[in-house]
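Peer 1: Using only what follows, build the 3D model:
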Amino acid sequence: ADAWDAAGHKRLADFAEAGGRLAVLGGPFTLGQGFFKNSLLERVLPVEVRVARDVYQAPAPLPMGAAKGRPFADRPLLYYFHAVKARPDATPLLWAGELPILWERKAGKGSSVVFAGSPLGEAGTAQETPFWKSRAWLEGFGRALVGPLAP
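Peer 2: Modelled structure (predicted):
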């Protein structure tokens, strides 16, 4: 079975609800473009997913950080993101400018995190660092993967 078919979605949702920590990364074949809308998987995510095409280019590169408007020292940039809607019980863990971009939520006995950024786009100058080349982003995302739920 495929992880992205209905049975695969159910297995992933069951994993989170049984006590696992599920992580979903944005990209061209996930969230809205992965047909997560109204799936069993969507019910455990910290965000509501749009139907089909949900990836948009930021009007300008957005610097990412652990707090709103406070970028990491190496200024990793986000160029594209999934348009998602946070659930009321979701907690933002990382930001891209003023946009919360990494969300966390309790799911049964476990939890889930969704990174709504997408690894698309390219640096406009040699001084720009795409987020996927940033050590600070990698460390921040790593903490979100293994860390406890935010208070």
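Peer 1: Pull out the buried residues from the lowest-mean-pLDDT helix or strand in the chain.
Peer 2: The weakest-scoring helix or strand in the chain, judged by mean pLDDT, DSSP states H and E, is helix 135-146 (a mean of 86). Going by neighbour count (16 or more other Cβ atoms under 10 Å), the buried part of helix 135-146 is Ala136, Trp137, Gly140, Phe141, Ala144. C-beta here means a position set from N, CA and C on the backbone, and glycine is covered the same way.
Peer 1: Nearest to the middle of this protein, which residue? Look it up for me.
Peer 2: Phe115 (1.0 Å; Cα atoms, centre = their mean).
Peer 1: In the sheet, which residues pair with that residue? Tell me.
Peer 2: Under the criterion DSSP bridges, Phe115 forms beta bridges with Leu25, Leu102.
Peer 1: Could I get the contacting residues of it?
Peer 2: Ala23, Val24, Leu25, Gly26, Leu94, Ile101, Leu102, Phe141 (Cβ atoms under 8 Å, 6 or more residues apart in numbering).
Peer 1: Narrow these to those that are buried.
Peer 2: Applying 16+ other Cβ under 10 Å to those flags Ala23, Val24, Leu25, Gly26, Leu94, Ile101, Leu102, Phe141 as buried.
Peer 1: Need these in a markdown table (columns: distance to Ala16).
Peer 2: Output for these, formatted as a markdown table (distance: Cβ to Cβ, whole Å):
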| residue | distance to Ala16 |
| --- | --- |
| Ala23 | 10 |
| Val24 | 10 |
| Leu25 | 15 |
| Gly26 | 18 |
| Leu94 | 20 |
| Ile101 | 20 |
| Leu102 | 16 |
| Phe141 | 18 |
